[in-house]
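> Predicted model and sequence below, questions to follow.
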Amino acid sequence: MNKTIAKWVFFSLEFLRREPVYSSLKEHEYIQQQNKSKIKKIQQKKLEKMIYYVMKHNKYFQRKYEGYDVINDFSNLPIMTKDELKNNYKDIVTDNNGKLDLAKTSGSTGKALKFYRSRTLYAHSLASKFSGHRWYGLDMGSKEARLWGVPVNLKDKVKTRLRDLILNRFREKSFDITGDVFFDFYKKILKKTPDYIYGYTSMIYEFALFLKEKQIDGNMLQLKAVICTSESIPDYQRVLMEQVFGCNVASEYGAAETGIISFECKQGNHHIMEDSVLVEVVDEDYKPVKNGEEGKILVTVLNSFSSPIIRYDLGDIVVYSDEECTCGINFSLLKKIIGRESSIVVTPSGKVFHSLIFYYIMKNITERGEIINQFKVYQKEIDQILIQLVSNKKEFDVEELKPMKIKLRETFGDQMNFKFEFVEKIEREKSGKLRDFVSEIDTEVVLQEYYS
């Protein structure tokens with residue numbers, strides 16, 4: 001479909017659905033150009049407007065915040081958890097809320113969620129996404145090649161196909177990625193000439209690996225950008241993708257229940273979408289951490305009048321930055337998005353590590369890409385770790401793993417037992433995401449036993 005036609009078809013349908021994407025996008029792009037002081041004032045006004053409305057019309061939050069000065073004591077308001085949202089999504093809805101849609105998450109983190117979302121809120125989330133795309137010369141109607149997969153049931157398949165048509169995109173339908181599937185996707189890209197690729201980081205990385213191994217020049221695809229979502233981008237994967245595709249690789253960070261939280265600019269900085277979300281970074285006791293320190297991210301969705309998301313513990317660890325970016329976008333920055341708080345490794349001696357430790361231990365061999373393309377770690381027992389490895393070498397010398405084994409032993413101690421398993425591919429979650437660490441032990445129970 002022609003880009004201009006696709007853009008106005010999309011706007012027309014969003015207008016009929018009463019999703020004010022166009023006006024939300026204009027507002028978003030106006031705010032991002034203001035100075036930091038004005039952005040904070042606008043954000044505070046949005047927060048106050050939403051809180052006042054919720055306290056007037058929402059019985060659930062009236063009970064929850066009873067006794068609190070909700071504006072002046074905002075940083076002490078009770079936290080909203082995933083379990084709270086999961087168990088109370090029907091009760092959380094505000095009275096006189098108008099038309100709401102029931103949304104669902106995949107549950108790839110272990111907590112599948114249902115929640116109601118107004119079409120106005122959805123429009124703001126789309127505006128944040130499209131604004132980030134515009135930083136790379138993309139717009140509504142730009143043709144997208146999507147590595148994402150499709151729903152299983154027929155009804156959702158039809159809805160997905162229709163939405164793909166409206167949004168001028170096509171996708172690889174299978175999570176079972178093989179050389180034949182990737183070659184078919186490559187041929188589709190050559191034929192349909194998309195402006196960019198969008199999808200799970202790990203799937204795009206595997207596609208880049210395929211092109212490299214087949215000595216196919218990805219620059220021929222003439223992409224404006226590659227946009228990765230749902231999974232972080234390890235440095236070695238970013239380097240390879242940029243080499244193969246010859247364009248910027250951008251990271252989009254958010255969640256279904258919060259919308260877009262931050263988007264990476266061309267200078268590699270993650271700008272918080274401050275007109276749509278308020279972000280706090282806190283410690284284990286939900287007290288603010290200093291800028292530059294790791295902490296839990298709490299998200300308040302500023303346009304969530306109908307089904308409020310307030311001080312929501314997303315379960316991720318991030319680092320806030322007070323630095324300024326010279327790209328022209330004046331939203332504040334996240335210095336790092338480290339990943340899931342639940343990705344915790346516990347050793348027999350009681351030491352605790354974030355699973356990101358495995359990335360740093362294996363960094364040297366994965367960056368070279370000559371030995372190991374991918375890995376996945378399972379903590380099977382308190383003293384048992386299984387590491388699955390995908391190698392592109394037909395004949396593999398286990399001695400090449402010796403430096404990694406030494407580092408694992410130094411880090412985790414002699415009581416931890418490691419088993420290595422070479423596999424042809426790493427299995428994905430049902431959602432299509434690729435988790436690099438899975439704990440099969442009850443971490444909370446283990447830690448209670450150690451520290452009680």
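Looks like it arrived, so ask away. Numbers count the residues shown, from 1 in each chain.
> need the contact list for residue 146.
Residues in contact with residue 146 (C-beta atoms under 8 Å, 6 or more residues apart in numbering) are 164, 169-172, 197-199. To be clear about C-beta, it is placed using only N, CA and C from the backbone, and glycine gets the same treatment.
> mind redoing it with 7 Å?
By C-beta atoms under 7 Å, 6 or more residues apart in numbering, the residues touching residue 146 are 169-171, 198-199.
> now it, what's its secondary structure?
Under the three-state scheme (DSSP: H, G, I helix; E, B strand; the rest coil), the conformation of residue 146 reads as strand.
> measure the closest residue to it other than its chain neighbours to residue 333 for me?
In space, residue 146 comes closest to residue 171 once its chain neighbours are excluded; the distance is 3.8 Å by C-beta to C-beta, 6 or more residues apart in numbering. Relative to residue 333, residue 171 is positioned 31 Å away (C-beta to C-beta, to the nearest Å).
> so how many other residues sit close to residue 142?
Applying the criterion other C-beta atoms under 10 Å, we find 22 residues in the vicinity of residue 142.
> which one is it nearest to, not counting chain neighbours?
According to C-beta to C-beta, 6+ apart, the nearest residue to residue 142 is residue 195 (4.2 Å).
> What separates the first and last residues of stretch 277-287, distance-wise?
End-to-end distance of stretch 277-287 (C-alpha to C-alpha, to the nearest Å): 19 Å.
> So which elements touch the helix of greatest length in the chain?
The single longest helix within the chain, with elements called by DSSP state H, is helix 36-57. Taking 3 or more C-beta pairs under 7 Å, 6 or more residues apart in numbering; DSSP states H and E as contact, the helices and strands that helix 36-57 lies on are helix 59-64.
> on that earlier part again, other SSEs contacting the helix or strand containing the residue nearest to residue 146?
Of the helices and strands defined by DSSP states H and E, residue 171 is found in strand 169-172. If you count contacts as 3+ C-beta pairs under 7 Å, 6+ apart, strand 169-172 packs onto strand 144-147, helix 179-192.
> Now the element after the longest strand belonging to the chain, going C-ward?
When secondary structure is assigned using DSSP state E, the longest strand within the chain turns out to be strand 312-321. Remark: after strand 312-321, the chain's next helix or strand is strand 333-340, criterion DSSP H and E.
> Please export the C-alpha coordinates of the longest helix of the chain as PDB.
These are the backbone C-alpha positions of helix 36-57, laid out as PDB (Å, rounded to 0.1, in the frame of the first residue of the first chain):
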ATOM      1  CA  LYS A  36      12.900  20.300  31.000                       C
ATOM      2  CA  SER A  37      11.300  22.600  33.500                       C
ATOM      3  CA  LYS A  38       8.200  23.100  31.400                       C
ATOM      4  CA  ILE A  39       8.000  19.300  30.700                       C
ATOM      5  CA  LYS A  40       8.000  18.700  34.500                       C
ATOM      6  CA  LYS A  41       5.200  21.200  35.000                       C
ATOM      7  CA  ILE A  42       3.100  19.700  32.200                       C
ATOM      8  CA  GLN A  43       3.700  16.200  33.700                       C
ATOM      9  CA  GLN A  44       2.700  17.400  37.100                       C
ATOM     10  CA  LYS A  45      -0.600  19.000  35.800                       C
ATOM     11  CA  LYS A  46      -1.400  15.800  34.000                       C
ATOM     12  CA  LEU A  47      -0.800  13.800  37.100                       C
ATOM     13  CA  GLU A  48      -3.000  16.000  39.300                       C
ATOM     14  CA  LYS A  49      -5.800  16.000  36.700                       C
ATOM     15  CA  MET A  50      -5.700  12.200  36.600                       C
ATOM     16  CA  ILE A  51      -5.500  11.700  40.300                       C
ATOM     17  CA  TYR A  52      -8.300  14.100  41.100                       C
ATOM     18  CA  TYR A  53     -10.600  12.400  38.500                       C
ATOM     19  CA  VAL A  54      -9.700   8.900  39.900                       C
ATOM     20  CA  MET A  55     -10.400  10.000  43.500                       C
ATOM     21  CA  LYS A  56     -13.700  11.400  42.500                       C
ATOM     22  CA  HIS A  57     -15.000   8.500  40.400                       C
END
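> Now that helix: buried residues?
By neighbour count with 16 or more other C-beta atoms under 10 Å, helix 36-57 contains the buried residues 39, 42-43, 46-47, 50-51, 54.
> Please state the offset of that helix from the chain centre?
Remark: helix 36-57 is offset 25 Å from the chain centroid, using C-alpha atoms, centre = their mean, to the nearest Å.
> Distance from the chain centre to the strand holding residue 171, please.
Averaging C-alpha positions (C-alpha atoms, centre = their mean) puts strand 169-172 20 Å from its chain's average.
> Quick check: buried residues in whatever helix or strand residue 249 lives in?
For residue 249, the host element (DSSP H and E) is strand 248-255. Residues of strand 248-255 classed as buried under the neighbour-count rule (16+ other C-beta under 10 Å) are 248-255.
> rewinding a little: can I get the contacts of residue 146 in CSV including neighbour count?
CSV is the format used below for the contacts of residue 146 (neighbours: other C-beta atoms under 10 Å):
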residue, neighbour count
169, 20
170, 18
171, 19
198, 23
199, 23
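> okay if I get those as JSON lines plus pLDDT?
Listed next are the contacts of residue 146 as JSON lines, based on pLDDT from 0 to 100:
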{"residue": "169", "pLDDT": "92"}
{"residue": "170", "pLDDT": "91"}
{"residue": "171", "pLDDT": "86"}
{"residue": "198", "pLDDT": "95"}
{"residue": "199", "pLDDT": "88"}
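> Against residue 184, how distant is the residue nearest to residue 146?
Note on residue 171: its distance to residue 184, by C-beta to C-beta, is 12 Å.
> likewise residue 344?
As defined by C-beta to C-beta, residue 344 lies at a distance of 39 Å from residue 184.
> Looking at the two, which has the bigger crowd around it?
Neighbours per residue (other C-beta under 10 Å) separate residue 344 from residue 184, with residue 344 holding more: 18 against 13.
> so that one touches residue 352, yeah?
Yes: judged on C-beta atoms under 7 Å, residue 344 makes contact with residue 352 at a distance of 6.1 Å.
> Tell me where the stretch 351-452 of the chain has helices.
Ranges of helices within the stretch 351-452 of the chain are 356-361, 363-368, 402-412, 443-451, based on DSSP state H, counting those that start in this stretch.
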